[in-house]
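K.L.:
Just a sequence and a predicted model for now, questions to come.
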Amino acid sequence: MQKKEKNNSRRDFLKKLPVLAMGTAGLAGCNSEELEEFFQQNFKTLTKAEKDEIVKNLEKKYFEKYGKEFKVSDKPATEGILFGYALDLSRCIGCRRCVYACVEENNLSRDPQIHWIQVLQMEKKNGIDLTHANIHYNPELVPEEGHFYMPVQCQQCRNPQCTTVCPTKATWQDEDGIVVVDYNWCIGCRYCMAACPYGARHFNWSEPNVPNEEINTETHYLGNRPRTKGVVEKCTFCIQRVRQGKYPACVEICPTGSRKFGNLLDPDSEIRYILENKRVIVFKEELNTQPKFYYFFGV
Amino acid sequence: MQRNYNNPRRDFLKMIPIAIVSISAFSFFNFKKSNKYSERKFNTLSKSEADEIIKNDKFPVSTQLKPAPAPIAQINIKG
């Protein structure tokens, strides 16, 4: 039997008209900034002028939303700097000051709650035993008898699995070693969360809730700028601070001085002194993620 | 008459030196890009050694503070 020819271009054209009309209506519903944001290229491929334009639009958008002047930096990594972090387990008392300093500095959602730092309480008699670690401890005073504390946050791996699995390349490791996320490119697939062995990535299941009076307006495009529902976020060593030459908020707040931070490429830095004179614990060393976050015993 | 020169084994063997040269060239670029500090070795403490220090309670802490509120509904990292 001969196949019937169905080439009817007028009918085809009329069939496509409603689709075209809906598409046009959809696009017309967006303003030019939303369209620009939607069609924005990957941050790494943008020119300085394009980045400036995006940053300007974001500042305008945040002003309209929060009624405050925001500063969104896009300061790139400085050559000759590789950030590293060390934490003295013998000094940490588990007071969680670092957790809340991080929440305030990085505009983390208060409800639903997101914490980039988790302080694990473990029993000394069991050693480092994650299966019996407790993050919900709440005694009158810390440290509790017979316990020690191990704060865990993004380990800024040299061999990060989270960036490898990202299907849109929305997350990558910058030249100074900080693993960053471009929230405009994140599609919220959460592959990176599954790949991270440290539980360091957090997903915004709903619109983040930060009280207007507590919002930090000093932000970085790849760091603490306000996020939206459906994107993944993580510790960036306070990229907005460290790229300006300051310490991360958690380092500054620590009442016992158990947190050390610095440039691994600087032979005179405190972090290099620790690495060269102390024996350090690399968390989950067997996974070969090669963290730049080291634990040590100062005593 | 045209002769058939299709010899896959010979082709494969011919490609091996090219592959070796290109792989070494690319690994050199990779090495150049990688950070210098990662090449250095430093003393790591194995888990058993760390556990021994912790179990023997070699770091008594005298400072005591009231902890900030515990997180709500956060999931604990598991081994």
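P.N.:
It's in. Numbers count the residues shown, from 1 in each chain, chains lettered A, B, ... in the order given.
K.L.:
Provide a list of residue ranges in the chain with pLDDT below threshold.
P.N.:
Using chain A. Residues of chain A meeting the criterion pLDDT under 70: A:1-6, A:27-35.
K.L.:
I was after chain B.
P.N.:
Along chain B, segments meeting pLDDT under 70 span B:1-5, B:29-41, B:76, B:78-79.
K.L.:
what residues are up against the residue in chain B that chain A sits nearest to?
P.N.:
Nearest residue of chain B to chain A (Cβ to the nearest Cβ) works out as B:D51 at 2.9 Å. Where you see a C-beta, it was placed from the backbone N, CA and C, and this is true even at glycine. Contacts for B:D51 (Cβ atoms under 8 Å, 6 or more residues apart in numbering or on different chains) come out as A:G127, A:I128.
K.L.:
let's see it at 6 Å
P.N.:
Counting by Cβ atoms under 6 Å, 6 or more residues apart in numbering or on different chains, B:D51 touches A:G127.
K.L.:
Okay, it and A:D129: tell me how far apart.
P.N.:
Distance of B:D51 to A:D129, given as Cβ to Cβ, to the nearest Å: 8 Å.
K.L.:
Equivalent analysis for A:W185, please.
P.N.:
38 Å.
K.L.:
Ok, A:G80 next?
P.N.:
Taken as Cβ to Cβ, the span from A:G80 to A:D129 is 40 Å.
K.L.:
Most proximal residue of chain A with respect to chain B?
P.N.:
Counting by Cβ to the nearest Cβ, chain A gets nearest chain B through A:G127, at 2.9 Å.
K.L.:
hang on, isn't that residue packed against B:E52?
P.N.:
No: using Cβ atoms under 6 Å, A:G127 is not in contact with B:E52; the gap is 7.8 Å.
K.L.:
of the two, who's got more company?
P.N.:
A:G127 (16 against 13; other Cβ atoms under 10 Å in any protein chain shown).
K.L.:
ok, now which ones touch that one?
P.N.:
B:D51, B:I54, B:K55.
K.L.:
Mind checking if stretch A:191-209 is in reach of chain B?
P.N.:
Yes: using Cβ under 6 Å from any Cβ of the partner chain, we find that stretch A:191-209 touches chain B at A:G199.
K.L.:
For the stretch 1-150 of chain A, which residues are neighbours of chain B?
P.N.:
Residues of the stretch 1-150 of chain A lying near chain B (Cβ under 6 Å from any Cβ): A:82, A:90, A:93, A:95-96, A:100, A:113, A:115, A:124, A:127, A:130-131, A:135-136, A:138, A:141-143, A:148.
K.L.:
List the ones among the residues you listed that fall in strands.
P.N.:
A:F148 (DSSP state E).
K.L.:
buried subset of the residues of the stretch 1-150 of chain A next to chain B?
P.N.:
Buried members of the residues of the stretch 1-150 of chain A next to chain B, counted by 16 or more other Cβ atoms under 10 Å in any protein chain shown: A:82, A:90, A:93, A:95-96, A:100, A:115, A:124, A:127, A:130, A:135, A:142-143, A:148.
K.L.:
what's the longest helix in the chain?
P.N.:
Since you didn't name a chain, this refers to chain A. The helix that spans the most residues within chain A, counting by DSSP state H, is helix A:9-29.
K.L.:
Oops, wrong one, chain B.
P.N.:
helix B:8-33.
K.L.:
Number of residues surrounding the residue lying closest to A:G94 once chain neighbours are set aside?
P.N.:
Leaving aside its chain neighbours, A:G94 sits nearest to A:Y149 (3.2 Å; criterion: Cβ to Cβ, 6 or more residues apart in numbering or on different chains). Counted with other Cβ under 10 Å, the neighbours of A:Y149 add up to 24.
K.L.:
List the beta-bridge partners for A:Y149.
P.N.:
A:Q121 (DSSP bridges).
K.L.:
follow-up on the earlier one: elements contacting the longest helix of chain A?
P.N.:
Of the remaining helices and strands, none touches helix A:9-29 by 3 or more Cβ pairs under 6 Å, 6 or more residues apart in numbering or on different chains; DSSP states H and E.
K.L.:
how far does stretch A:108-125 stretch from start to finish?
P.N.:
Terminal residues of stretch A:108-125 lie 34 Å apart, using Cα to Cα, to the nearest Å.
K.L.:
Quick check: buried residues in the strand or helix carrying A:R272?
P.N.:
Assigned by DSSP states H and E, A:R272 belongs to helix A:270-277. Residues A:I271, A:R272, A:I274, A:L275 are the ones in helix A:270-277 that count as buried (16+ other Cβ under 10 Å).
K.L.:
same check, this time on stretch A:255-267
P.N.:
Within stretch A:255-267, the residues that qualify as buried are A:T256, A:S258, A:R259, A:K260, A:F261, A:G262, A:N263, A:L264, A:L265, counting by 16+ other Cβ under 10 Å.
K.L.:
Please see if that stretch touches chain B.
P.N.:
Yes: shown here: stretch A:255-267 in contact with chain B (Cβ under 6 Å from any Cβ) through A:T256, A:L264, A:L265.
K.L.:
ok, the second one to A:F70 distance?
P.N.:
As judged by Cβ to Cβ, A:L264 and A:F70 stand 31 Å apart.
K.L.:
Then the last one?
P.N.:
The span separating A:L265 from A:F70 equals 32 Å under the rule Cβ to Cβ.
K.L.:
Next: the first one.
P.N.:
Distance check for A:T256 against A:F70: by Cβ to Cβ, it reads 33 Å.
K.L.:
Perfect, I'm done here.
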